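Chemist: here is my input, please return the structure:
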Amino acid sequence: MTNHSRFLKEAINVACENLESGGGPFGAIVVKDGSIVGRGGNVVTKDNDPTAHAEVTAIRDACKNLGTFQLDGCIIYSSCEPCPMCLGAIYWARPTHVYYAMNKDDAAKIGFDDAFIYDEIAKVENERLIPFVRLDLDDQRPFEQWKSKIDKVEY
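Modeler: The predicted model follows:
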């Protein structure tokens, strides 16, 4: 068994353990230099947090353990293909690779269908199910402060 298969099986184990402890059927791990540095399960309903998907909680755990906000040199293993939110979080975290077991079609078969989100992203903002409306207050202070901030950490 390759290391990738071994780590992916561990992500599936995390999903199963997570289910037993009241979470959802998803699990993820983050690996750096052959060691697991972060683990996470889907605890959306358990923690009343819609952002607490397995990949996000694993990224949070790994970043905390590594003392960084980016996962350079890390690999994420997920029991299932990441949803659109997790995909965004993964890109912000910047791992080198992502390996997953089940796909979005498998997830849809058990009631986790993200197709509507992909459809919503493509729509014009005011035609989405939740309308997004920009109110131009002509107040750019946060951005102006950021541009002139000397000790900023770029990301």
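
Chemist: contacts for the longest helix along the chain next, please.
Modeler: Longest helix in the chain by number of residues (criterion: DSSP state H): helix 3-20. Identification of contacts with helix 3-20 by C-beta atoms under 8 Å, 6 or more residues apart in numbering yields 1, 24-29, 31, 34, 36, 39-43, 54, 75, 77-80, 99-101. (Glycine included, C-beta is placed from N, CA and C.)

Chemist: report the buried residues of that helix.
Modeler: By 16 or more other C-beta atoms under 10 Å, the buried positions in helix 3-20 come out as 7-8, 10-12, 14-15, 18.

Chemist: distance from the chain centre to that helix, please.
Modeler: How far helix 3-20 lies from its chain's middle: 16 Å, per C-alpha atoms, centre = their mean, to the nearest Å.

Chemist: start at 166, not 1
Modeler: Yep, numbering from 166; the last one is helix 168-185 now.

Chemist: what's in contact with the helix or strand just after it?
Modeler: Downstream of helix 168-185, the next assigned helix or strand under DSSP states H and E is strand 192-197. Strand 192-197 is contacted from outside by 172, 175-183, 201-207, 219-220, 222-224, 226-227, 231, 236, 238-244, 260, using C-beta under 8 Å, 6+ apart.

Chemist: if we use 6 Å, what do you get?
Modeler: For strand 192-197, contacts defined as C-beta atoms under 6 Å, 6 or more residues apart in numbering pick out 172, 175-176, 179-180, 183, 201-206, 219-220, 223, 227, 238-244.
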